[in-house]
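> sequence-free structure coming up:
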């Protein structure tokens, strides 16, 4: 009986095809189209049986649509009225099996050339999407009986659904329809997926079995191709609402995510945790997926926390609170705490991972600790203590201020949570947004409520205005109360004395001679006399040049060893400016003394850093151009503002390098040509060697209290920065080439140092060499090293974990290429034959 019905359907469809292909009778064509429509009519009064309709859908529907598309230019189609075309021709695409219709439509759009026929097929595709046919397609695959197609067909259908905007854009550009744009299509597809899931819930409540495999595959393929943000921005809030009070919806969501293929699981979960409102909603949607699926467990407990660091703090809070909210998942929280604490305390990670990732791991550690119960805290106290001590040592040893401050904050939080014998760590550090955020993580937030602001936040503008207004009202009331009395006895007619120029009278007068100042600093125990002497010392040094040269080294020695015993306001600045004035006024003796003492015994690291700062500031002042009122022989310099040390402020030397790069960059423009900068002499060029070369002695000889190439990498970084600054200031100096060769030899040994400040100093020094060393000397004296240097710079620019190191490496490569190109162009212009022979 079934075979007879199949034969009847096949013969009827063939007859309709012949009629549409050969007949010119309008009525016959309409009858043929209506006959094809009968096989899609599910009403009880339909002329066809269910067996015939099933056979037509299975074996003949796709052939019918392909026949219609191939005959889209036929005359009989033009003879149909608009209503007849909509009902008879368009209806076949909008009423049959949606998966077959979509495949035929996309195939037709890909084959047709730009024409009216293509536009008509595109319009049908728009109606297909707007009429909810995608939801019907997805629902048909949710029915267990409907999932009988081949894996190849399903993969093809998935590709067409997910890549529809790309396919239409490639074919219709620039005349693409707005509905086919990703910003409209993917949210529409997300709504259709929600509709299919809602039908699934209703079917499950009615006792019908369903399958979510195809919907899960669609979701996974959408996410892996980069559309997860648009899709889950629509689905996640709705799923959170649906699962709030409906257990069936929760089961559907659990099954949906369980059926996502393993290769697409990561892309789905990473976007879901960002789109979800909080840990409670994530728990309702994910369930215990992390316990059932190894890939999901790896993503949630390891990759999101330790390997990636691009997510907001709210994502970390959501993930960790999700693990802590269920008894079965709580062991994973303890496992995460152990792995995160090991990563935070790892000295190698502190040295070799980007600062942003260290901050991310610190946040994860604090969130984990804040979610622990007291019983769990007792069990893990020894591990947390070991993590705190080891991690704090690694962070405090770093030369980067943010890393040290991060270690202080985390150490404080861990000690307050562990509470060993009631003792808590307390550090002094500068409060900023980063530290406040870290401190706020120790306060757990429950539920899906948004994260509250920090308790130390500034009052709102409204509150401030209220306080100001109340203060003004109070003051006005007080003024009104006192006004009657003030009118009786007013002093407005008395003119006050000008006291702006008055000075406070001191019993001790400031010294007027530099030697008296020196004696006071050496032997006096009077705090007032010492302070006055320190305040006038710089001015006396710069005014009395001949007297300064007699005692310059002795006064420098006193200042270098001087301590702030009397808590003088601005002591460090006063001492530093005086030492800079001494180094500028009597340059060679003072510089020789400071550079010799830098490697001497019994000096603290702070004193060695002071020496480098004084030398750097003195070199900057000496490098300023000599004007007409300056005497080179005397070396008298006006008092200048102390500039910050370049090692403390990386932006300073970065701006210097940028300015030099811009000055060496050629620009083609039609504007007025600026005259070149006129070269002017300065006082630094003749003495540059006295600043530079003594600091290169004994750097590799460790001492009892000073190991420059070992543990004292903070001083090493400052030293390299200072040498790079000396090299930069020596531009156009006769000794620049010799300085450049020596500096490159020195920094080459520490180019792979573990400390990022040392690597920054090395790259800054390389930039300084390329900027200051003449291009002819660069190619002649360093030709053997340039190729290896360029390879090293390329590796740093591509793979160094520190962003500043990568940027400096790129700048160094640009400078090196410009210098080499300039020198090669010069050689080719002077002697083209010699250049060709050399090549």
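Now that the structure is in, tell me what you want to look at. Here the structure is a predicted model, which means the values were calculated and not measured.
> Counting neighbours, show which residues of stretch 711-727 come out buried.
Within stretch 711-727, the residues that count as buried by 16 or more other Cβ atoms under 10 Å are 712-727. All C-beta spots, glycine's among them, are computed from the backbone N, C-alpha and C.
> Do me a favour and average the pLDDT over that stretch.
For stretch 711-727, the mean pLDDT works out to 90.
> now swap in stretch 319-337 and tell me
pLDDT averaged over stretch 319-337 gives 93.
> same question, stretch 197-216
93.
> end-to-end on that stretch?
Its first and final residues considered, stretch 197-216 spans 11 Å by Cα to Cα, to the nearest Å.
> Then stretch 394-409?
End-to-end for stretch 394-409, by Cα to Cα: 14 Å.
> what does that stretch rub up against?
With contact meaning Cβ atoms under 8 Å, 6 or more residues apart in numbering, stretch 394-409 is reached by 345-347, 350-351, 355, 358-359, 362, 391-392, 410-411, 427, 429-430, 434-435, 438-439, 713-714, 717, 755-758.
> Of those residues, which belong to helices?
345, 347, 350-351, 355, 358-359, 362, 391-392, 410-411, 434-435, 438-439, 713-714, 717, 756-758 (DSSP state H).
> now these: which count as buried?
345, 350-351, 355, 358-359, 362, 391-392, 410-411, 435, 438-439, 713-714, 717, 756-758.
> pLDDT wise, what is the closest residue to residue 8 other than its chain neighbours at?
Distance criterion Cβ to Cβ, 6 or more residues apart in numbering; nearest residue to residue 8, sequence neighbours excluded, is residue 52 at 6.9 Å. What the model reports for residue 52 is a pLDDT of 87.
> Distance from stretch 540-552 to the middle of the chain?
The chain centre lies 53 Å from the centre of stretch 540-552; the measure is Cα atoms, centre = their mean, to the nearest Å.
> looking only at pLDDT, what's the mean for it?
For stretch 540-552, mean pLDDT rounds to 92.
> in that stretch, what's buried?
So stretch 540-552, judged by 16+ other Cβ under 10 Å, has buried residues 540-542, 544-545, 548-549, 551-552.
> Quick check: which ranges of the stretch 401-550 of the chain have low pLDDT?
The stretch 401-550 of the chain contains residues with pLDDT under 70 at 420-422, 444-494, 497-507.
> That one: helices as residue ranges?
401-418, 433-440, 461-488, 514-523, 527-543, 545-561 (DSSP state H, counting those that start in this stretch).
> Could I get the ones you listed in TSV, plus columns for distance to residue 286?
Formatted as TSV, the helices of the stretch 401-550 of the chain follow (distance: least, Cβ to Cβ, whole Å):
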stretch	distance to residue 286
helix 401-418	28
helix 433-440	26
helix 461-488	40
helix 514-523	71
helix 527-543	67
helix 545-561	64
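> Which one of the ones you listed lies nearest to residue 9?
helix 433-440 (69.5 Å; Cβ to Cβ).
> Run through the neighbouring helices and strands of the closest one.
Packing contacts for helix 433-440, counted by 3 or more Cβ pairs under 8 Å, 6 or more residues apart in numbering; DSSP states H and E, involve helix 355-370, helix 401-418.
> show me where pLDDT drops low in the stretch 551-700 of the chain?
627-679.
> change it to 90
Along the stretch 551-700 of the chain, segments meeting pLDDT under 90 span 564-567, 599-605, 625-682, 696-700.
> follow-up on the earlier one: single out the most deeply packed of the helices and strands packed on helix 433-440.
helix 355-370 (a mean of 22; mean count of other Cβ atoms under 10 Å).
> what angle do it and helix 401-418 make?
Orientation check (axes from the mean of the first three to the mean of the last three Cα atoms, to 10 degrees): helix 355-370 against helix 401-418 gives 10 degrees.
> and residue 167, how far is that from residue 151?
21 Å (Cβ to Cβ, to the nearest Å).
> What of residue 565?
Taking Cβ to Cβ, one finds residue 565 at 85 Å from residue 151.
> Residue 257 reaches residue 264, doesn't it?
No. The criterion here is Cβ atoms under 8 Å, and residue 257 misses it with residue 264 at 10.8 Å.
> does the spatially most central residue of the chain count as helix, strand or coil?
Centroid-nearest residue in the chain: residue 310, 6.5 Å away (criterion: Cα atoms, centre = their mean). For residue 310, the assignment made with DSSP: H, G, I helix; E, B strand; the rest coil gives coil.
> which residue packs closest to residue 227, ignoring adjacent ones?
residue 186 is the one closest to residue 227 (Cβ to Cβ, 6+ apart), at 5.0 Å.
> Could you report the distance from the one you found to residue 225?
Residue 186 is 10 Å from residue 225, by Cβ to Cβ.
> same question, residue 348
36 Å.
> ok, the two, which is more surrounded?
Legend: neighbour count by other Cβ atoms under 10 Å for residue 348 and residue 225, higher for residue 225 (14 against 9).
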